[in-house]
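Asker: Structural data only, the sequence is not supplied:
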């Protein structure tokens, strides 16, 4: 299950990176069109709706590799068991948060697909239902990632950076 989650997280992050490049191109053409030709293309609607999707496509990998922001003021002063306890609590909080996002957004996602929900007026209307789907799908994936990480805590194999102690992340004999 872990390797599948890794691969899926990497694919989603790659999609987000490509999407971000496309957004940069849209912004370039929007600015150029407005400045040179007084032409409004509606790029702001695309950018506004793309940002949540890009974020939710990148979060699974960030969680998976342990690069989410964290304050370690207490964490750094705990022993191995305390670190595992803190990680377990944070994984449980993550599960609760993303289950709430998935459950809370499910009906709106389904309704969006049923009615073909769009946002925007005038020059460009952007479909919203794919964005809602990305958010729900990513939230479910994140729940699975957190559940896998929580299972590792219970098995005593927490691999989060710093979980094993202050020197566990450094190679043997590094002298640091």
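Answerer: All right, it came through fine. Just so you know, these numbers come straight off a predicted model, no measurement behind them.
Asker: Which pLDDT value belongs to residue 117?
Answerer: Model confidence at residue 117, given as pLDDT, is 88.
Asker: tally of neighbours for it?
Answerer: Residue 117 is flanked by 18 other residues according to other CB atoms under 10 Å. All C-beta atoms are positioned from the backbone trio N, CA, C, and that covers glycine.
Asker: any idea how far residue 131 is from it?
Answerer: Applying CB to CB, to the nearest Å, the value for residue 117 to residue 131 is 10 Å.
Asker: those helices in this structure, which residues are they?
Answerer: 2-37, 43-64, 80-115, 129-154 (DSSP state H).
Asker: Any chance of the ones you listed in TSV with distance to residue 70 as columns?
Answerer: As requested, these are arranged in TSV below (distance: least, CB to CB, whole Å):
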stretch	distance to residue 70
helix 2-37	18
helix 43-64	11
helix 80-115	8
helix 129-154	13
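Asker: With distance to residue 73 and mean neighbour count added, can I get those helices in JSON lines?
Answerer: Output for the helices of the chain, formatted as JSON lines (distance: least, CB to CB, whole Å; neighbours: other CB atoms under 10 Å):
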{"stretch": "helix 2-37", "distance to residue 73": "28", "mean neighbour count": "14"}
{"stretch": "helix 43-64", "distance to residue 73": "21", "mean neighbour count": "19"}
{"stretch": "helix 80-115", "distance to residue 73": "11", "mean neighbour count": "15"}
{"stretch": "helix 129-154", "distance to residue 73": "21", "mean neighbour count": "19"}
